[in-house]
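>>> This is a predicted model, with the sequence first.
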Amino acid sequence: MSRPAAQSRQPGQGEIQQIINLIGSGRLPQAEDAARALVRACPNALVAHNLLGVAFEQQGKFEQAATAYGNALAIDPNIAEIRFNLGVVLGNLGKAEEAAAQYRKAIARKPDLAVAHFNLGTLLQAQGKLAEAADCYRRATQAEPRFVEAWGNLGAVLQQQGWLDDAVAAYREALRMQPDAQLHFNLGTALRTQGRLEAAVASFRDAIALRPDYAQAHNNLGETLRDQGRMGDALQCYRTALEIDPENAEACYNMGEYLYFAGEFDQAVEYFERSPRWDSRDRALYCLYKAGRFDAFAERLEGALAGPHTSPLLATLTTHYATNFGVEDRYGFCRNPMDFVHHSRIDALAVPGSPLLADLMRDITHTEIAERRQGRLYYGIQSAGNLLKRPEPSFQALAAAVREKIAEYRARFADADCELVRAFPERIEFSSSWYLKMQKGGHLTSHIHEEGWISGCVYLALPNKNQGHAGSIEFSTHGDDYPQRHADFPSRIVDQAVGDIVLFPSSLFHRTIPFESDEDRVCVAFDLKPANA
């Protein structure tokens, strides 16, 4: 009697277990050989092809693994776990769309396969599809409530979308199940953006307690302490970060910033040149200019002029240098920034008895928002966090009204020949926003917004205007005690009323003229910038 054909044979449990044991013990070449032999002996056995795929995958042989998993699915296309395995190796091969398709097929066959939801979420997150990624992570946590990584990633994508309360809740849920330095760090960054500085400090300290060599946590702790005005403590954090990682980009930058505020410009240049942060070169040029080292400034400026003309700080420097020395301004960000000041009004704030104005003043007065210390502000307070990304309806309504005015600004200057307009932000998202509340004697000294593109202020309360320009905003191409060879720099004062909005290039110097009346001066200031700036 003839024996059955080889392709009808199914492997025995002992043969399967042998390969599983080889894989489990890390003897992967031997596992590959045994799985190949089993495929030859049992070519129609799904388990043999799957085990061969696992042996290939764990050796990083992703092309072969994809072929093996594909062969298994040709025998039975309904096994969700093998669809998942194929998705993993396709992802490792850089075939994101094909990997996503496999994860979706796995989920269709097994909706509670949490890891498939999670991996699909990571692919979508990498593609910038944050809302879809968040939905995947939520489904992963619904299928597996103690899936710590899914909770952590959910927090990250919610934070990226500005849903800070939900992000904080997700991070806290992950931490409830498993202490983790990275999760404490992420929680700290979200809390800091909310303006909850004490809570952020606690989170960064928790991260450091779990990982004392976590240089970035030391740095971010320093930044938060700086926001609280605790400069001595902040400086020690930066030093600790640099002891752990001497080339830590953010810590080098922060040390440079500390030194230039202290007037130690030569030392500051050294730290800025060690940091690859996008505007470190411009900060080094700033220090050279402030120190009066004009020859060194002019020499290094040539390299900066060869790159894209997209730095507000460098635009400020080149405009001042050109005016100071009577030379051409060759930096194309915005050569005539005074021409781009735009004074308008938000009608919903300007009407008598404005409900929006009342809500904003109530929320500014009573909402728990920490203060951010800064050295240029006198007799006043500035909020921490990103005010126009907070969830309160008043702040969201103001954000919507400001977006409309920014769109008007863009349309007004649409034909201007400068990078300010050519690279204007496609999406109007506030990179930073805060309120300023000043009392009698209050003012801000001359400054620019180095990390902005377009900046603006909305005025909610103003001092008595019987004192001339007291409390008004003044613009100029000179400020911040830049070295002057003459005083022939243009300036302009803009007087405001409640409900007004003033928009201007972030490269333009501006200051608040001190006032002596008893009424408070309250405004909301903001920056936005292109996503790739």
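Thanks, I have it.
>>> Quick check: phi and psi on I369?
Taking degrees, to the nearest 10, you get phi -130, psi 130 for the backbone angles of I369.
>>> Need the per-residue pLDDT for it.
pLDDT recorded at I369 is 84.
>>> residues near it, how many?
Other residues near I369 come to 21 when the count uses other C-beta atoms under 10 Å. Placement of C-beta: from N, CA and C, glycine included.
>>> in the stretch 301-450 of the chain, which spans are strands?
Shown for the stretch 301-450 of the chain, the strands assigned by DSSP state E, counting those that start in this stretch span residues 342-345, 377-382, 430-444.
>>> Put the alpha carbons of stretch 290-302 into PDB.
Taking C-alpha atoms only, stretch 290-302 is exported to PDB below (Å, rounded to 0.1, in the frame of the first residue of the first chain):
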ATOM      1  CA  LYS A 290      25.600  93.100  22.100                       C
ATOM      2  CA  ALA A 291      29.300  92.800  23.200                       C
ATOM      3  CA  GLY A 292      30.200  95.300  20.400                       C
ATOM      4  CA  ARG A 293      32.300  92.700  18.600                       C
ATOM      5  CA  PHE A 294      31.100  94.000  15.200                       C
ATOM      6  CA  ASP A 295      33.900  92.600  13.000                       C
ATOM      7  CA  ALA A 296      33.300  89.100  14.400                       C
ATOM      8  CA  PHE A 297      29.600  89.600  14.000                       C
ATOM      9  CA  ALA A 298      29.900  90.700  10.300                       C
ATOM     10  CA  GLU A 299      32.200  87.800   9.600                       C
ATOM     11  CA  ARG A 300      29.800  85.200  11.000                       C
ATOM     12  CA  LEU A 301      26.800  86.900   9.500                       C
ATOM     13  CA  GLU A 302      27.900  85.900   6.000                       C
END
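>>> Stretch 445-463: which residues count as buried?
446-463 (16 or more other C-beta atoms under 10 Å).
>>> Which of these fall in strands?
The strands, defined by DSSP state E, take in I454, S455, G456, C457, V458, Y459, L460, A461 from the buried residues of stretch 445-463.
>>> Thought V502 was touching the fourth one, still the case?
I take that to be C457. Yes. Counting by C-beta atoms under 8 Å, C457 touches V502, with 5.3 Å between them.
>>> Common neighbours of the two, please.
By C-beta atoms under 8 Å, 6 or more residues apart in numbering, C457 and V502 have these common neighbours: I473.
>>> Between the ones in strands among the buried residues of stretch 445-463, which sits nearest K529?
For those, the closest approach to K529 (C-beta to C-beta) belongs to I454, at 7.6 Å.
>>> For the closest residue in space to that closest one that isn't next to it in sequence, which residues count as its bridge partners?
In this structure, I454 finds its nearest non-sequential neighbour in L528, 5.6 Å apart by C-beta to C-beta, 6 or more residues apart in numbering. Beta-bridge partners for L528, by DSSP bridges, are F430, I454.
>>> Tell me which stretches of the stretch 101-250 of the chain form strands.
Assigned by DSSP E, counting those that start in this stretch, the stretch 101-250 of the chain shows no strands.
>>> Would you map the helices across it?
When assigned using DSSP state H, counting those that start in this stretch, the helices of the stretch 101-250 of the chain occupy the ranges 114-126, 130-143, 148-160, 164-177, 181-194, 197-210, 215-227, 231-244, 249-261.
>>> Give me the buried positions along the last one.
The neighbour-count criterion (16+ other C-beta under 10 Å) identifies A249, E250, A251, C252, Y253, N254, M255, G256, E257, Y258, L259, Y260 as the buried residues of helix 249-261.
>>> Next: stretch 288-308.
By neighbour count on 16+ other C-beta under 10 Å, the buried set for stretch 288-308 is L288, Y289, K290, A291, R293, F294, A296, F297, R300, L301, A304.
>>> picking up where we left off before, verify the contact between the residue nearest to I454 and F430 for me.
Yes. With contact defined as C-beta under 8 Å, L528 counts as touching F430 (5.6 Å).
>>> When these two are compared, which one has more neighbours?
Higher neighbour count among L528 and F430: L528, with 24 against 21, using other C-beta under 10 Å.
>>> in the stretch 101-250 of the chain, which ranges drop under the pLDDT threshold?
Nowhere does the stretch 101-250 of the chain drop to pLDDT under 70.
>>> try the chain
For the chain, the stretches flagged by pLDDT under 70 are 1-8, 465-467, 532-533.
>>> domains of it?
6-192, 338-528 (automatic domain parsing).
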